[in-house]
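[1] For reference, the sequence and a predicted model appear below.
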Amino acid sequence: MAINTKPMSQQNIAVSIKQVTVQQNTNLNSALLWQPENHKHAGQLSAFSKIMAEHINGKELPGKASHPLVNSVIRHDLKN
């Protein structure tokens, strides 16, 4: 396997799970996500590409904070 003609090392990790615990979050219950009257139709939702563009371009505070980080990652990826 290679990226931009640079060979990649392949590593494997074996994981053994002995116990799984599922905890119910009270915030999920209070959000009433499972009630049909709270479901949105697909036409009411913003396109994923629009949401990502607004986030990366810094329309909201988290986007503004992450903008320098995203730019540095993109610059790094373009160089390699």
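    Nice, thanks for sending it over.

[2] The protein: helices as residue ranges?
    Taking DSSP state H as the criterion, the chain contains helices spanning 26-30, 48-56, 61-79.

[3] Quick one: closest of the ones you listed to Pro7.
    Comparing the helices of the chain against Pro7 with CB to CB, the closest turns out to be helix 61-79 (17.6 Å). (Each C-beta comes from the backbone N, C-alpha and C, glycine too.)

[4] Let me see the mean pLDDT of the closest one.
    Helix 61-79 carries an average pLDDT of 68.

[5] and what of stretch 32-39?
    84.

[6] how about the CA coordinates for that stretch, as CSV?
    Only the C-alpha atoms of stretch 32-39 are listed here, as CSV (Å, rounded to 0.1, in the frame of the first residue of the first chain):
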residue,chain,number,x,y,z
LEU,A,32,-36.8,13.2,23.0
LEU,A,33,-35.0,12.0,19.8
TRP,A,34,-37.0,8.8,19.6
GLN,A,35,-40.4,10.5,19.5
PRO,A,36,-41.7,10.7,15.9
GLU,A,37,-43.1,14.2,16.3
ASN,A,38,-39.6,15.5,16.8
HIS,A,39,-38.2,13.9,13.6
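
[7] contacts for it?
    Here stretch 32-39 makes contact (CB atoms under 8 Å, 6 or more residues apart in numbering) with Ala31.

[8] how distant is that stretch from the center of its chain?
    What separates the centre of stretch 32-39 from the centre of its chain is 23 Å, taken as CA atoms, centre = their mean, to the nearest Å.

[9] returning to that earlier point: arrange the helices of the chain in JSON lines, one row each, with mean neighbour count as further columns.
    Shown next, in JSON lines, are those (neighbours: other CB atoms under 10 Å):
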{"stretch": "helix 26-30", "mean neighbour count": "9"}
{"stretch": "helix 48-56", "mean neighbour count": "12"}
{"stretch": "helix 61-79", "mean neighbour count": "11"}
